[in-house]
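# Here is my input, please return the structure:
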Amino acid sequence: MSGFNNVNVTELQAMLAQGRIRLVDVRTDAEIARGVIPGSTSLPLHMLPMRLHELDSAVPTVFYCQMGGRSAQAAAFAAAQGIAEVYNLQGGIAAWIQAGQVVAQ
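Numbers count the residues shown, from 1 in each chain. From the prediction side, this is the model:
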C-alpha cells in the first residue's frame, strides 16, 4: 500500500476550488523557472526529508512534478512519515498544461 492517492487534473481543480489544501511542487529550480501551478509551494524532492516538518500534517497535501513520478515518491515518503492526507497529481504539470490550465511564472 502506497499511503497516498492519485488525483487527475479535474480532481485537483475541485480540491483547489474547495480550498484548504497545500500544493507542493517537487521539481528543480530550473524546471520551476519554466512555470508553476498557481498557489503552489516549491519544495524540491531532494530537500523533502530535511523540510518535511514545514508541512502541516492536518492540511491535505498534493505533490506534483513534471510527469508524476517524482511527486509519487514524495507522496509515498510524506505518507510514510505520518502526513495523513497525501495526493499525487497524475501526469504532473505536463497533464495540467495539456488540460489547458493556467501556469504562472
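# Surely G68 touches N88?
Yes: between G68 and N88 there is a contact under C-beta atoms under 8 Å: 6.3 Å. All C-beta atoms are positioned from the backbone trio N, CA, C, and that covers glycine.
# These two - which one has more neighbours?
Legend: neighbour count by other C-beta atoms under 10 Å for G68 and N88, higher for N88 (28 against 19).
# Please identify the helix or strand for that one.
Using DSSP states H and E, N88 falls within strand 86-89.
# where's the nearest residue to Q98 once chain neighbours are set aside relative to A80, distance?
Nearest non-adjacent residue to Q98, counting by C-beta to C-beta, 6 or more residues apart in numbering: G91, 7.4 Å away. Noted for G91: a distance of 23 Å to A80, by C-beta to C-beta, to the nearest Å.
# And those two? Which one has more around it.
G91 (20 against 12).
# which SS class is the most centrally placed residue in the chain?
Centroid check for the chain by C-alpha atoms, centre = their mean gives F63 as the closest residue, at 1.6 Å. Taking DSSP: H, G, I helix; E, B strand; the rest coil as the rule, one finds F63 in the strand state.
# That one - nearest residue in space that isn't next to it in sequence?
Nearest one to F63, counting by C-beta to C-beta, 6+ apart, is S71 at 3.9 Å.
# Near R20, how many residues? Count them for me, please.
Neighbour count for R20, taken as other C-beta under 10 Å: 9.
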